[in-house]
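Engineer: predicted coordinates and the sequence they were generated for:
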Amino acid sequence: MAAENDLAQSAEQAGIPQLDFSAFPNQIFWLVIFLVAIYLVVGRVAIPRIDSIITQRDRRIQNDLSDAREMSRSADRIQSEIQTILDEARRDAAESLAEARNDIQSEQQQTIEIVNARIEVEMAAATERIEGYQNRAPEVIRSVAKQTALEIVETFVPGRNAELSIEAATEARMERTEQ
Amino acid sequence: MAETSSGGLEIHPMDQFTVVPLFGDGTLQWYSPSNVTLWMALALLCTLLFLVVGTRKRAKIPDRFQMVAELVFMFVRNMVQEVAGRDALRYFPLIMTAFMFVMFSNVLGLLPMSFTTTSHIAVTASMALTVFISVTVLGFVKHGLGFLGLFWISAAPLPLRPVLAVIELMSYFVRPVSHSIRLAGNMMAGHAMIKVFAAFAGVLGVGAVVPVVAIAAVYALELLVAFIQAYVFTILTCVYLRDALHPQH
């Protein structure tokens, strides 16, 4: 105790209030009071409050994030639905295009067939006519040749009955030509 | 007093630390309201404004006051968790209390004409001893005699262990001393230095600009020191707490 007083004395002389032990009880007393008070403020009010603020914010952020993920998923789903519908539409369009093309082609085919049939009919008629002409041609030529030869002979040798010889000559000539 | 009366230069750098009663005839009883009371009450008020009034809106999107309060909250909580482990979060309110008290006392002490409660060894030693005794008791309560494993370095070669145990034991008991003197010494030295410069400025006339600039520079440094020492005091508390909770190295 005496040593303590000496130390306090010398401390006071040296001018260091930190070593003035007579002020210690006062400081320690108030320190305890205010540390308890600060503990009540910090531990009972501030920390639970800030803790709940931060926890709620974290929860909110988590919720928002999971909502965003959900929305993104549904957007993807809608996107793929749209894709499916588009694909279907494209397929339908391609089908009706092909159908229309087939229709047109078969119509063309029919028309072509009808026209071909008519062409054939007319060709047959024409061929028949031509053949008729061709068949009749030697007859006509023969009679024209006989007539002509007869008239030529009549002119140069009047009154001569050359009909039979002319006939024979013409037939012979015609046969040679036809061979 | 450390003063030189001659030549008009009178320096009383330590007067600012004197404990004086606020009322009465100047006698200081243990219960007298003193400048200690006043400045500790201001630290309490600042804590209240900072942590409680600042967060009164409980906003999801914080304003700047709430943001700073949350920042300090997360800062200290992460420190406790990272240094002392998850199970130390039980003691987070106590550590937060110490941090808020030391930080506001340090910063308030930088106001001109103020009184720095944390510059007093009586205050810092009380806190350091409280931490020391609490963690020691906690260590024995949690681990029984196993807590002594803290001093038995099983990573070291066996012959060295007794020697290391003595060293560890000594360093363990020196902890409260360094813990308290570091804080009080830092606060005291800076404030005394500012006061000395201020006294120079008082007698130098035009030349006072030099100490005034020096005061500004030291003041900036002291502001940094005020926060750093609060941080150091708190993180050391966390380190001691970790040793009590997990004595195995």
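Structural biologist: That came through, no problem. Residues are numbered from 1 along each chain as shown, chains lettered A, B, ... in the order given.

Engineer: tell me which helix or strand the residue sitting nearest the centre point of chain A sits in.
Structural biologist: Nearest to the mean C-alpha position of chain A, by C-alpha atoms, centre = their mean, lies A:Arg90 at 6.1 Å. According to DSSP states H and E, A:Arg90 maps onto helix A:47-156.

Engineer: and that helix, average pLDDT?
Structural biologist: Across helix A:47-156, the average pLDDT comes to 92.

Engineer: so is that helix next to chain B?
Structural biologist: Yes - remark: helix A:47-156 sits within contact range of chain B at A:Ile47, A:Arg49, A:Ile50, A:Asp51, A:Ser52, A:Ile53, A:Ile54, A:Gln56, A:Arg57, A:Arg60, by C-beta under 8 Å from any C-beta of the partner chain. Any C-beta I mention is one placed from the backbone N, CA and C, and that applies to glycine too.

Engineer: among those, who's most crowded?
Structural biologist: A:Ile50 (25 neighbours; other C-beta atoms under 10 Å in any protein chain shown).

Engineer: need the contact list for it.
Structural biologist: The contact partners of A:Ile50, by C-beta atoms under 8 Å, 6 or more residues apart in numbering or on different chains, come to B:Leu51, B:Thr55, B:Ala69, B:Glu70, B:Phe73.

Engineer: re the thing from before, and the helix holding A:Arg90, how far out from the chain middle?
Structural biologist: When distances are taken as C-alpha atoms, centre = their mean, to the nearest Å, helix A:47-156 is centred 19 Å away from the chain's centroid.

Engineer: can you say which helix or strand has B:Met113 in it?
Structural biologist: In this assignment (DSSP H and E), B:Met113 forms part of neither any helix nor any strand.

Engineer: run a quick neighbour tally on it.
Structural biologist: Neighbour count for B:Met113, taken as other C-beta under 10 Å: 5.

Engineer: distance check, it against chain A.
Structural biologist: Distance of B:Met113 to chain A, computed by C-beta to the nearest C-beta, to the nearest Å: 16 Å.

Engineer: distance-wise, check the closest residue to B:Ile153 other than its chain neighbours relative to chain A.
Structural biologist: Counting by C-beta to C-beta, 6 or more residues apart in numbering or on different chains, B:Leu164 is the residue found nearest to B:Ile153 once chain neighbours are left out, at 4.8 Å. The gap separating B:Leu164 from chain A is 35 Å, by C-beta to the nearest C-beta.

Engineer: B:Leu164 - how many residues pack around it?
Structural biologist: B:Leu164 has 15 neighbours, counted by other C-beta under 10 Å.

Engineer: thought it was touching B:Ala156?
Structural biologist: Yes - with contacts counted by C-beta atoms under 8 Å, B:Leu164 reaches B:Ala156, the gap being 5.5 Å.

Engineer: tell me, how many residues neighbour residue 115?
Structural biologist: You didn't say which chain, so I picked chain A. 10.

Engineer: right idea, wrong chain: chain B
Structural biologist: Residues lying near B:Phe115 (other C-beta under 10 Å) number 24.

Engineer: ok, now which ones touch the residue nearest to it when sequence neighbours are not counted?
Structural biologist: Among residues not flanking B:Phe115 along the chain, B:Asn35 sits closest, at 4.4 Å (C-beta to C-beta, 6+ apart). Taking C-beta under 8 Å, 6+ apart, we find B:Asn35 in contact with B:Val19, B:Val20, B:Leu22, B:Phe115.

Engineer: now, which of these lie within strands?
Structural biologist: If you go by DSSP state E, these have nothing in strands.

Engineer: so which of the contacts of A:Ile50 is surrounded by the most neighbours?
Structural biologist: Within the contacts of A:Ile50, most neighbours by other C-beta under 10 Å means B:Leu51, with 26 neighbours.

Engineer: if we ignore the residues flanking it in sequence, what's nearest it?
Structural biologist: A:Ala46 (3.6 Å).

Engineer: thought B:Leu49 was touching the one you found, still the case?
Structural biologist: No - using C-beta under 8 Å, A:Ala46 makes no contact with B:Leu49, being 10.9 Å away.

Engineer: higher neighbour count, the two?
Structural biologist: Shown here are A:Ala46 and B:Leu49; by other C-beta under 10 Å, A:Ala46 has more neighbours (26 against 13).

Engineer: for that one, give me its contacts.
Structural biologist: B:Thr47, B:Leu51, B:Val52, B:Thr55, B:Ala69, B:Phe73, B:Met96.

Engineer: about what we covered before: which strand or helix spans the residue nearest to B:Ile153?
Structural biologist: helix B:161-203.

Engineer: tell me which other helices or strands that helix touches.
Structural biologist: In terms of contacts (3 or more C-beta pairs under 8 Å, 6 or more residues apart in numbering or on different chains; DSSP states H and E), helix B:161-203 is packed against helix B:121-143, helix B:209-245.

Engineer: swap in 10 Å and give it another go.
Structural biologist: Applying 3 or more C-beta pairs under 10 Å, 6 or more residues apart in numbering or on different chains; DSSP states H and E, one finds that helix B:161-203 makes contact with helix B:92-108, helix B:121-143, helix B:209-245.

Engineer: among those, which is the most enclosed?
Structural biologist: Sort the helices and strands packed on helix B:161-203 by mean neighbour count, taking mean count of other C-beta atoms under 10 Å in any protein chain shown, and helix B:92-108 sits at the top with a mean of 24.

Engineer: for it, C-alpha coordinates in CSV please.
Structural biologist: Coordinates of each C-alpha in helix B:92-108 appear next as CSV, following Å, rounded to 0.1, in the frame of the first residue of the first chain:
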residue,chain,number,x,y,z
PHE,B,92,-20.1,-12.0,-31.2
PRO,B,93,-22.3,-9.5,-29.2
LEU,B,94,-19.6,-9.2,-26.6
ILE,B,95,-16.9,-8.7,-29.1
MET,B,96,-19.0,-6.2,-31.0
THR,B,97,-19.6,-4.3,-27.7
ALA,B,98,-15.8,-4.1,-27.2
PHE,B,99,-15.2,-3.0,-30.7
MET,B,100,-17.9,-0.3,-30.7
PHE,B,101,-16.7,1.0,-27.3
VAL,B,102,-13.0,1.1,-28.2
MET,B,103,-13.6,2.6,-31.7
PHE,B,104,-15.9,5.4,-30.5
SER,B,105,-13.7,6.1,-27.5
ASN,B,106,-10.7,6.4,-29.8
VAL,B,107,-12.4,8.6,-32.4
LEU,B,108,-14.1,10.8,-29.9
